[in-house]
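Novice: Sequence first, predicted coordinates after that:
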Amino acid sequence: MSHVLLDKDGRSSGLDLHNQAGSRAATASTHMKGNMIVFEGVGKAYGNAVALHTTDFTVREGEFLSLLGPSGSGKSTILNIIAGAIAPTHGRILLNGKDVSTVPPRERGLGMVFQNYALLPHLNVFDNVAFPLRIRGLGKDEIAQRVRNALERVGLIGYEQRKPREMSGGQQQRVGIARCIVYSPSVILMDEPLGALDKKLREQLQGEIKKLHKDLGTTLVYVTHDQEEALNLSDRVCLMNGGRIAQIGTPDELYFEPVSEFVADFVGESNLIEGTVTADNMVTAADGLMLAVRSTEAHATGSRVKVLVRPEKIVALDGGAAPAHLENTCTGTVVQTSFVGGMTRVELQRRSGALLLVKTISARAAERQAAGHSMAVAWSAQDSVVLKV
Ligand code: ADP
């Protein structure tokens, strides 16, 4: 196997591909690990309808960045502006330090993987993967070697002669990925690539894509509406809402330090307890429950806030006293428990009527809290994050 053809920096060695100028720039910035994609004041409107409000954002070289958000939030608009398929209404796009705002898609040197695979149905696997190399005028031996290398990376050696219709959805998407990496693009764009596959296959391919990214070291921008997928795969997640970036950060930051109720709700499950800041690092809930919180620094005393507590951070007390590091306690009545495999979700109703969702590691039915039982729980101030209302 010729490793040098798909080296870690996504460069071709000794090949005169059409985007070689881009490759040279990539070589320069590889040493600096700079910004690969930069949006400067980029926006897109269709008449009066704004698809993307004015946006500045950066994707670093070698980074796996997911664009996450509900349908219609602007994810595809961003991806297609990077690809050159949509022209922005205003703003500049830099690729590898070069303004590509007016550069046509084919000349941007990007690789694309689509949800519907977009394979050529009359061509076999080999010819589908070879297609981008033939367009670029590579020689026969070079093509054979590169196609083999790409198929090896996606586990499809031996499938060269199959037609797309003779393959499963997962296999077809592997062909789509091989066709993308075969010409070593410096940036790979993936648009909901696993959206048409069932859960188990999605998880398997997530693992494969993650490994591929690690091996190739290519910058990868990945559109998904599946928050678990985004958290699992990404170095950073850009969460979109209504054509704006709601938050961009590491999966940890989005999950544990969301900047808004929207982010807290979209990424994982959450308890959001309404209350008022009554002292430094103290919030009194609407029903009188006093909560020690991580920080009220950004919130004046008297301001209305919501306190975010993740359900898995709440601990059942099993009759004993709360340990010292769990400053917040309350009791309630179990309304419902749902056994969802490894975790059990318990809905707890406090005396005020407010509900608290608790997630615990599953126990056998006889040891689980049944509906109607009283339950005492506790959680720490550190796990109580104050959000603006
Ligand atoms: P997402 O990928 O997050 O589902 P999109 O980027 O496709 O969202 O769309 C963002 C918004 O722009 C949506 O409200 C959508 O209806 C609108 N939009 C997208 N394409 C067009 C178009 N060609 N004409 C008018 N509005 C569009």
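Specialist: Yep, that arrived.
Novice: Which of the three states applies to the residue nearest the centre of the chain?
Specialist: Against the mean C-alpha coordinate of the chain, by Cα atoms, centre = their mean, the closest residue is A230 at 2.3 Å. Put simply, A230 is helix when judged by DSSP: H, G, I helix; E, B strand; the rest coil.
Novice: any idea how the protein splits into domains?
Specialist: Split into domains by automatic domain parsing, the chain comes to 5-256, 311-380.
Novice: Show the contacting residues for D141.
Specialist: For D141, the contact set (Cβ atoms under 8 Å, 6 or more residues apart in numbering) is empty. Heads up, the C-betas are built off the backbone N, CA and C, glycines and all.
Novice: That one: which element?
Specialist: Element membership for D141 (DSSP states H and E) is helix 140-153.
Novice: quick one, phi psi at V129?
Specialist: As for V129, its main-chain torsions (degrees, to the nearest 10) stand at phi -70, psi -30.
Novice: what about it, how many residues close to it?
Specialist: 30 (other Cβ atoms under 10 Å).
Novice: Distance of it relative to H225?
Specialist: The span separating V129 from H225 equals 28 Å under the rule Cβ to Cβ, to the nearest Å.
Novice: pLDDT weak spots in the chain?
Specialist: Residue ranges of the chain with pLDDT under 70: 1-33, 365-366, 368.
Novice: Now with 80, please.
Specialist: Scanning the chain for pLDDT under 80 picks out 1-33, 318-320, 363-369.
Novice: The ligand contacts on that one?
Specialist: By Cβ under 6 Å from any ligand atom, the residues of the chain that approach the ligand are Y46, A49, A51, G69, S71, G72, S73, G74, K75, S76, T77.
Novice: Give me the neighbour count for the second one.
Specialist: Burial of A49, expressed as a neighbour count using other Cβ under 10 Å, amounts to 8.
Novice: Need the winner for burial among the domains of the chain.
Specialist: Among the domains of the chain, ranked by average contacts under mean count of other Cβ atoms under 10 Å, first place goes to domain 5-256 (a mean of 18).
Novice: ranges for the helices of this protein?
Specialist: 20-32, 75-83, 125-135, 140-153, 169-181, 199-216, 227-233, 251-256, 261-266 (DSSP state H).
Novice: Of all these, which one is nearest D99?
Specialist: Closest of those to D99 is helix 20-32, at 12.0 Å (criterion: Cβ to Cβ).
Novice: For the closest residue to V389 other than its chain neighbours, which residues are in contact?
Specialist: Excluding the flanking residues, the one nearest V389 by Cβ to Cβ, 6 or more residues apart in numbering is R304, at 4.9 Å. Counting by Cβ under 8 Å, 6+ apart, R304 touches E274, G275, T276, V389.
Novice: any chance of the domains of the chain in a markdown table, with distance to V283 too?
Specialist: Output for the domains of the chain, formatted as a markdown table (distance: least, Cβ to Cβ, whole Å):
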| stretch | distance to V283 |
| --- | --- |
| domain 5-256 | 18 |
| domain 311-380 | 10 |
